[in-house]
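**Student:** Let's see this in three dimensions:
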Amino acid sequence: RRPTLPLTKPKPTLPGLKNHFAFKSNKNKMSGEPVRLYVNGAILGYQRGLRTQNNSCSLIKIKGVDSKADTDFYLGKKIAYITKVSVNGGKNGTKYRVNWGKVCRPHGSNGVVRCRFARDLPPKSIGEKVRVMLYPSRI
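**Tutor:** A predicted model of the protein is given here:
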């Protein structure tokens, strides 16, 4: 007789989320664990060819994601590029502005993704951090 396999499916793992979590200050009410909100990422530059670059498509390296297969979890997720405002108060009475974007597709085979933002990222943003939010969920 052949051995039977268990009928329960294994729980899906989230690739690229090893120990690189950002935690909310309050605790999850059910389990007492911190709530995961975002993963850090770095802006590498714009999508480009040898002589041209496409400013409307930015390349983002997500922390802990090292393969094309791992980027699949992040497709469609929102990205926040946060800047400080020089004028105190600014819009909405805050000291920060957020440029929201979305992960469109993978770029290459090393875990880099292409993103489109509501407003194109400025050149001074290259090398700075972004927050890759863990929503909307596709699971």
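
**Student:** Can you get me a residue count around Val94?
**Tutor:** For the record, residue 94 is Thr, not Val. 11 (other CB atoms under 10 Å). Glycine gets a C-beta too; all of them are placed from N, C-alpha and C.

**Student:** Correction: the previous question concerned Asp120.
**Tutor:** By other CB under 10 Å, 16 other residues sit near Asp120.

**Student:** part of a helix, is Gly45?
**Tutor:** No - checked against DSSP: H, G, I helix; E, B strand; the rest coil, Gly45 lies outside a helix; its state is strand.

**Student:** so where's the protein shaky on pLDDT?
**Tutor:** Where the chain drops to pLDDT under 70, the residues are 1-30, 89-91.

**Student:** Contact partners for the closest residue to Ala118 other than its chain neighbours?
**Tutor:** Sequence neighbours aside, Trp100 is the residue nearest to Ala118 in space, at 5.3 Å (criterion: CB to CB, 6 or more residues apart in numbering). Shown in contact with Trp100 (CB atoms under 8 Å, 6 or more residues apart in numbering): Lys78, Ile79, Ala80, Phe117, Ala118.

**Student:** now do Glu128
**Tutor:** By CB under 8 Å, 6+ apart, the contact list for Glu128 reads Ala42, Ile43, Tyr81.

**Student:** try Pro136
**Tutor:** Gly76, Lys77, Lys78.

**Student:** if we go to 6 Å?
**Tutor:** Pro136 makes contact with no residue, according to CB atoms under 6 Å, 6 or more residues apart in numbering.

**Student:** Return the distance of it relative to Thr94.
**Tutor:** Shown here: Pro136 relative to Thr94, a distance of 24 Å by CB to CB, to the nearest Å.

**Student:** The contacts of Glu128 into CSV, with extra columns for distance to Gly127 and neighbour count?
**Tutor:** Formatted as CSV, those follow (distance: CB to CB, whole Å; neighbours: other CB atoms under 10 Å):
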residue, distance to Gly127, neighbour count
Ala42, 7, 15
Ile43, 7, 19
Tyr81, 12, 24
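
**Student:** Could you dump the residues you listed into JSON lines and include distance to Pro122?
**Tutor:** Putting the contacts of Glu128 into JSON lines (distance: CB to CB, whole Å) gives the following:
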{"residue": "Ala42", "distance to Pro122": "15"}
{"residue": "Ile43", "distance to Pro122": "10"}
{"residue": "Tyr81", "distance to Pro122": "9"}
